[in-house]
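Asker: Provide a 3D model corresponding to the input given below.
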Amino acid sequence: MPDRQTPALPTGVSFVMPVLNERAYLEHAVGSVLAQRLDVPSELVLALGPSTDGTTELAQRLAAADERIRLVDNPAAHIPVGLNAAIRASRYATIIRVDAHSELSPGYAARALQTLERTGAANVGGVMRAEGRTPFQTAVARLYNSPVGLGGGAYHGGAPEGEAESAYLGVMRREVLDEVGLFDESIRRGEDWELNLRIRQAGHLVWFDPELAVTYWPRESWLKLARQFRATGAWRGELVRRFGRSNGIRFFAPPALLVLVALALVAAVLQLTGVISGLLSAIVSVVLYGPLALYVLLVLVVSARAGGGLRRRLWTAVAMPTMHLAWGIGFLRGVLSGARDTVDASRLGTRNTPLP
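Answerer: Numbers count the residues shown, from 1 in each chain. Below is the predicted model:
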């Protein structure tokens, strides 16, 4: 029988970026990609969702100014759909995922290619360094960079180089993607974790390199942050439904906090109405209110150490429980009834503060 293997792709790098309503961030993200110095050919494939803020027009102008930029349509607007469209349209053997809300550090791509070669990994990722401009965004960024904010994943802190569960964004061998399949388009959030699970199950290596750094700009408002974390939590709950114990235990902390808050509220009502009293009331107070008091103390300590003035400290005190509780609400919905058609509504807004 004839050899039906896919021909090897040319040596080079294809950056892929899904884009939706990112006018305030797109030019900086694209600029950080085009500034990467490589000894091999490169291209940037933008998967354009149906933006309403002028992002598409900006992308078209950027593509007209640099032949390395190519455009594909993503009418569904979903991130994994856009990623797959960009990957299918790509021409080179290495795929580097880029987020429109991020900026690659100088030398990122060259270092990633060296790490791929040195380790033999199928996917390499580095550190997500969140930054902010406003007091609110800066407060959220600090929580992103802290174990108490997002749960201490390797790419949020200073973990040592080595084998990893997943990779932030990811620098991937196209041949491995073709082997295991591209992103699962039925998963709207957490699609990278699920892809890396398949990569590891196929016997390939996922690698964390702390020398790789990507700047990430968090959402700009409280409402967008809450919407983002609710959607992310819902899809993590969906992943728990699908993959069970493959999910790390840290994902269960926010829903546990939410359940504790709900039980404490019920207990408080029962105590105030006299349904619970005496020794039972004392036990309930220790079991429920004690952990909540410790959590409140943690929020206050983290906020006090936030620096940057009173506004940043206050926003830290607001953002931290918002991230945890919104994520927990979404997670419980995802576990109990599935994520279904949950989308990240924060990506649908059109008002963003332009980068300087």
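Asker: Flag every buried residue along the top strand by length along the chain.
Answerer: As assigned by DSSP state E, the longest strand anywhere in the chain is strand 206-216. Using 16 or more other Cβ atoms under 10 Å as the test for burial, strand 206-216 gives 206, 207, 208, 209, 212, 213, 214, 215, 216. The C-beta positions use only the backbone N, C-alpha and C, and glycine is treated the same way.
Asker: now stretch 76-94
Answerer: Buried residues in stretch 76-94 (16+ other Cβ under 10 Å): 77-87, 90, 92-94.
Asker: chain center to it: distance?
Answerer: 17 Å (Cα atoms, centre = their mean, to the nearest Å).
Asker: before we move on, back to that, closest to residue 254 among the buried residues of stretch 76-94?
Answerer: residue 79 (21.6 Å; Cβ to Cβ).
Asker: Contact partners for that closest one?
Answerer: 18, 188, 189, 191 (Cβ atoms under 8 Å, 6 or more residues apart in numbering).
Asker: circling back: most widely separated two among the buried residues of stretch 76-94?
Answerer: Across those (Cβ to Cβ), the longest gap, 28.4 Å, separates 77 and 93.
Asker: and whichever strand or helix holds residue 15, what other elements does it pack with?
Answerer: Using DSSP states H and E, residue 15 falls within strand 13-19. Applying 3 or more Cβ pairs under 8 Å, 6 or more residues apart in numbering; DSSP states H and E, we find strand 13-19 packed against helix 23-34, strand 42-48, helix 79-89, strand 94-97, helix 108-119.
Asker: which residue ranges form the strands in the protein?
Answerer: Using DSSP E, strands in the chain cover 13-19, 42-48, 69-73, 94-97, 102-104, 123-130, 162-163, 171-173, 206-216.
Asker: Now the first one: buried residues?
Answerer: Buried residues in strand 13-19, counting neighbours by 16+ other Cβ under 10 Å, are found at 13, 14, 15, 16, 17, 18, 19.
Asker: and the closest residue to the first one other than its chain neighbours, what does it touch?
Answerer: What that stands for is residue 13. Ranked by Cβ to Cβ, 6 or more residues apart in numbering and with sequence neighbours excluded, the top spatial neighbour of residue 13 is residue 42, at 4.4 Å. Counting by Cβ under 8 Å, 6+ apart, residue 42 touches 12, 13, 14, 15, 36, 68, 92, 109.
Asker: Run a quick neighbour tally on the residue lying closest to residue 37 once chain neighbours are set aside.
Answerer: Nearest residue to residue 37 in three dimensions, chain neighbours excluded: residue 110, at 6.4 Å (Cβ to Cβ, 6+ apart). Counted with other Cβ atoms under 10 Å, residues neighbouring residue 110 total 15.
Asker: can you check residue 121 too?
Answerer: That count, for residue 121 with other Cβ under 10 Å as the rule, works out to 25.
Asker: Spit out the contact partners of the residue nearest to it when sequence neighbours are not counted.
Answerer: Sequence neighbours aside, residue 207 is the residue nearest to residue 121 in space, at 3.8 Å (criterion: Cβ to Cβ, 6+ apart). Each residue near residue 207 by Cβ under 8 Å, 6+ apart is listed here: 115, 119, 121, 123, 124, 125, 161, 162, 163, 164, 167.
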